[in-house]
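Colleague: Sequence and computational prediction follow.
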Amino acid sequence: MGYSVLETKNGEEAIKMLGENTDPPVDAAIFDLTIQGGMGGKDAIIQVRKQFPDMPVIVSSGYSEDPVMAHPQQYGFTDSLSKPFRKHELADLLTRHIK
C-alpha cells in the first residue's frame with residue numbers, strides 16, 4: 001500500500017517509539033486492544049493522546065463485542081478495525097484518516 005511500517009511488541013514499546021524522532025514521522029498508529037503479558041492499546045492510548053492528541057490511532061481486536069471496539073472515540077481512539085480484516089478494509093481505513 002506504500003506505507004512504511006514500524007513494529008513494537010506492546011504498548012510500552014510503542015509509546016517509547018512514538019516519542020522518538022522518527023524519519024519520516026509516524027502518520028498513524030494501530031494498537032491491539034489487549035496484549036497478553038504487556039500493555040495493550042486500551043491502556044496505551046492514554047499516554048499516546050497526551051503526546052499526540054491529533055494522531056490517527058486505530059484500535060484492532062478480535063473481541064468485536066468489547067465496548068472499545070464499538071465506540072472507539074469514547075476511549076480516545078480515532079476508529080476501530082475488527083480482526084480478521086482484509087487488506088482493502090485496512091487501506092480504506094487508513095485513507096480515511098491519514099491526511
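Modeller: Cool, got the structure.
Colleague: CA only for contacts and neighbour counts going forward, please
Modeller: Fine.
Colleague: and the residue nearest the centre of the chain, which of the three is it?
Modeller: The residue lying closest to the centre of the chain (CA atoms, centre = their mean) is residue 30, at 2.3 Å. At residue 30 the chain is in strand, as set by DSSP: H, G, I helix; E, B strand; the rest coil.
Colleague: Kindly report the same for residue 15.
Modeller: Quick answer, by three-state DSSP: residue 15 is helix.
Colleague: Give me the phi and psi angles of residue 4.
Modeller: phi -90, psi 140 (degrees, to the nearest 10).
Colleague: now the residue nearest to the centre of the chain, which residues is it bridged with?
Modeller: Beta-bridge partners for residue 30, by DSSP bridges, are residue 58.
Colleague: again, but for residue 35
Modeller: Residues in a beta bridge with residue 35, per DSSP bridges, are residue 38.
Colleague: still on that earlier bit, need the contact list for the residue nearest to the centre of the chain.
Modeller: When contacts are counted by CA atoms under 8 Å, 6 or more residues apart in numbering, residue 30 touches 57, 58, 59, 60.
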